[in-house]
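[1] following is a predicted model, sequence given first.
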Amino acid sequence: MGGRLDGKVAIITGGASGFGQSAVWRFVEEGAKVVLADLNEAAAKETAELATGGSDNVCIVLGDVSDPAVAQQLVDTAVAEFGSLTTLVNNAGIAQGTPKDTWDIPVERWDQIIRVNLTSVYACTRAAVPTMIEGGGGSVVNVASIAATVACGGAAYAASKGGILGYTHQCAFELAARKVRVNCVSPGFMKTPMSTGEREGFDPEAQEARLKGFAANIPIRETGRAVDIANAMLYLASDDSVYVTGQEIAVDGGYLCQ
């Protein structure tokens, strides 16, 4: 029995950790070939080696995916190594990192968050779409956030994720007739290195306390897992969602229902 992504070739940005890492593993498990984009070479290699289908199904490109030249390199690598490009997962992102007075963060930090979270989506989509159209169509899966809808994560983070949501809707409308579907996944409070505070240097006890605090405000009463996001990405990348475009799937344990 074949996998749900047999014959698919995917670029996954930020693929060495968190949602991206889980997506790499799930996509390969379901038959896809993957170009993994990240800045962390060691983590990228480890992710590729642990892929169920074997590291031969994963090609690594290191670089800043908000750079149009790197974005084009990803597309060129997919075609050169695997023969086509059917899927783009725009997952790369960073957190704002502070809960207080986020409206007046330094301009440099604002620019960084917008560049990494939003400009990368534009750069990679712009590079990928012509090849998808030439190949008969494809699927773009963007990672937004519930922060696009409710106040959490900080002003710059919310602006970047709200931008992704708007960009998703507009691109879906423009590209539908050319058989390129564009959707997004909006994670809620998930257990990843970015949300636990691990990247900010929180110790394990502080990370656990942070997760418990999140869980108390979620109807399901627990935080989500990276694989929950990867499974939503998988659905949108697969032919199961062939008639779905311009949509946001919130994977949030019911948080937005409140």
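    Done, it's in.
[2] tell me, how many residues neighbour residue 146?
    21 (other Cβ atoms under 10 Å). The way it works is simple: take the backbone N, C-alpha and C, and place the C-beta from them, glycine included.
[3] next one: the one 4 residues further on
    Close neighbours of residue 150, defined as other Cβ under 10 Å, add up to 14.
[4] and it, what is it in contact with?
    255-256 (Cβ atoms under 8 Å, 6 or more residues apart in numbering).
[5] let's have the chain start at 294 instead
    With 294 as the first residue, the last one maps to residue 443.
[6] need the pLDDT of it.
    pLDDT recorded at residue 443 is 91.
[7] isn't there a strand covering it?
    No - according to DSSP: H, G, I helix; E, B strand; the rest coil, residue 443 belongs to no strand; its state is coil.
[8] what about it, distance to residue 459?
    16 Å (Cβ to Cβ, to the nearest Å).
[9] what's the answer for residue 303, then?
    24 Å.
[10] more neighbours: which of these two?
    residue 303 (28 against 12).
[11] give me every residue that touches the more buried one.
    320, 325-328, 379-382, 530.
[12] repeat for residue 541
    So residue 541 contacts 437, 458, 461, 476-479 (Cβ under 8 Å, 6+ apart).
[13] now with 10 Å, please.
    435, 437, 439, 441-442, 457-458, 461-462, 476-479, 549 (Cβ atoms under 10 Å, 6 or more residues apart in numbering).
[14] quick check: of these, which lies closest to residue 364?
    Nearest to residue 364 out of these is residue 435 (Cβ to Cβ; 13.9 Å).
[15] OK, contacts around the closest one?
    Applying Cβ under 10 Å, 6+ apart, the residues contacting residue 435 are 381-384, 411, 414, 417-418, 454, 457-458, 460-461, 464, 475-479, 526, 529, 541.
[16] out of the contacts of residue 303, which are inside strands?
    Judged by DSSP state E, the subset of these located in strands is 326-328, 380-382.
[17] quick one: which of these is nearest residue 372?
    For those, the residue nearest residue 372 by Cβ to Cβ is residue 328; the value is 9.7 Å.
[18] pretty sure that closest one contacts residue 364?
    No - here residue 328 lies out of contact with residue 364, judged by Cβ atoms under 10 Å, at a distance of 11.2 Å.
[19] who touches both of these two?
    Overlap of the contact sets of residue 328 and residue 364 (by Cβ under 10 Å, 6+ apart) consists of 304, 306, 354, 381.
[20] tell me the one of the residues you listed nearest residue 495?
    residue 306 (24.9 Å).
[21] surely the closest one touches residue 420?
    No - with contact defined as Cβ under 10 Å, residue 306 does not count as touching residue 420 (11.2 Å).
[22] and the lengthiest strand in the chain, what's buried?
    Scanning the chain for the strand with the most residues, using DSSP E, yields strand 473-480. Going by neighbour count (16 or more other Cβ atoms under 10 Å), the buried part of strand 473-480 is 473-480.
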